[in-house]
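>>> show me how the following folds:
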Amino acid sequence: MIYAAYGLVFGLLIPYLARRFSKFMPATPAYALYRILRPVRSVSRAKRSGNPSYRRLMTKYRMRSIGWGIVAAAISYLAAERFSDVYIVWYLGLIWTLLLLTEIDNRMMLLPDILTVPLLIAGFAYSVFVSQWVIPPESVLGAVTGYMLPVIASAFLVWKNKDAFGGGDIKLLAALGAWLGMELVIYTMILASLLFVLYALFRRMRVGAFGPAITVAAIMIAFYFF
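Below you'll find the predicted structure:
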């Protein structure tokens, strides 16, 4: 239950963190941390209190925070039930980062390197020091597969859409390959593509953020296979 409480707190912060990222990207890790802890207010208190549109926006913002808090708490609780204490901290770090990336990509159509690159490094570290399922060579092979397959697919699709895969999507898939290994990252790409197609058909859209589909697929794959 304690992990669910931690997840609730982190989930409540997800919209705030995503909003901060949208204001200072791209940035170095040090500057990003500084701006998260010391935000710059762009709207005065007087304008905030006297603007009905701003109050409606903040109400929507708070509801979004509560929604993310519930989602993060639920997933953290299920992870704590499924994984032992040796692995839970690693998996919660992976899951929470994926949830944050989902909100950032929805907001900005961007997956920042200061989150995807550390996630890649953490995946290698996990395979070396902790994992019993993904050994280091499999982690490296998974990262290469997660990077190269979208690049090859983009080369075939560039005639139709030059942004078939964004650079952030490719780096995220490489990071997930380091965590999941070659076989599971391929499953993740297939499942993410299916989820994105279904969502695009439901919303009747032709272009959208692919990162959320990747993160949902990765969490589903990790829960099912691990």
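
>>> pLDDT below threshold where in this structure?
23-31, 33, 35-36, 38-52, 54, 155-166 (pLDDT under 70).

>>> list the buried residues of the longest helix anywhere in it.
Scanning the chain for the helix with the most residues, using DSSP state H, yields helix 52-82. Judged by neighbour count (16 or more other C-beta atoms under 10 Å), helix 52-82 contains these buried residues: 65, 68-69, 71-73, 75-80. To be clear about C-beta, it is placed using only N, CA and C from the backbone, and glycine gets the same treatment.

>>> now do stretch 113-131
For stretch 113-131, the neighbour count (16+ other C-beta under 10 Å) marks 113-116, 119-120, 122-124, 126-127, 131 as buried.

>>> and if you look at stretch 186-200?
186-189, 191-192, 195-196.

>>> for stretch 171-185, same thing?
For stretch 171-185, the neighbour count (16+ other C-beta under 10 Å) marks 171-182, 184-185 as buried.

>>> need those in a markdown table (columns: distance to residue 97 and secondary structure).
Output for the buried residues of stretch 171-185, formatted as a markdown table (distance: C-beta to C-beta, whole Å; DSSP: H, G, I helix; E, B strand; the rest coil):
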| residue | distance to residue 97 | secondary structure |
| --- | --- | --- |
| 171 | 13 | helix |
| 172 | 10 | helix |
| 173 | 14 | helix |
| 174 | 14 | helix |
| 175 | 9 | helix |
| 176 | 11 | helix |
| 177 | 15 | helix |
| 178 | 13 | helix |
| 179 | 10 | helix |
| 180 | 14 | helix |
| 181 | 18 | coil |
| 182 | 21 | helix |
| 184 | 17 | helix |
| 185 | 16 | helix |
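
>>> residue 55: which of those is nearest?
Nearest to residue 55 among the buried residues of stretch 171-185 is residue 172, at 35.3 Å by C-beta to C-beta.

>>> hang on, that closest one packs against residue 214?
Yes - using C-beta atoms under 8 Å, residue 172 is in contact with residue 214, at 5.7 Å.

>>> how near is residue 99 to residue 119?
Distance of residue 99 to residue 119, given as C-beta to C-beta, to the nearest Å: 12 Å.

>>> now residue 129
For residue 129, the distance to residue 119 equals 16 Å [C-beta to C-beta].

>>> helices along the protein, start to end?
In the chain, the segments counted as helices under DSSP H are 2-24, 29-37, 45-49, 52-82, 85-108, 113-129, 136-157, 167-180, 182-203, 211-225.

>>> list the contacts for the nearest residue to residue 61 once chain neighbours are set aside?
The shortest distance from residue 61 to any residue other than its chain neighbours is 6.0 Å, reached at residue 15 (C-beta to C-beta, 6 or more residues apart in numbering). Residues counted as contacts of residue 15 (C-beta atoms under 8 Å, 6 or more residues apart in numbering) are 61, 64-65, 68, 103.

>>> CSV for the residues you listed, including distance to residue 91?
Shown next, in CSV, are these (distance: C-beta to C-beta, whole Å):
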residue, distance to residue 91
61, 28
64, 24
65, 23
68, 18
103, 19
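
>>> rewinding a little: got TSV for the buried residues of stretch 113-131, with distance to residue 209 too?
Compiled in TSV, the buried residues of stretch 113-131 are given as follows (distance: C-beta to C-beta, whole Å):
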residue	distance to residue 209
113	16
114	18
115	15
116	14
119	17
120	20
122	23
123	22
124	26
126	26
127	28
131	29
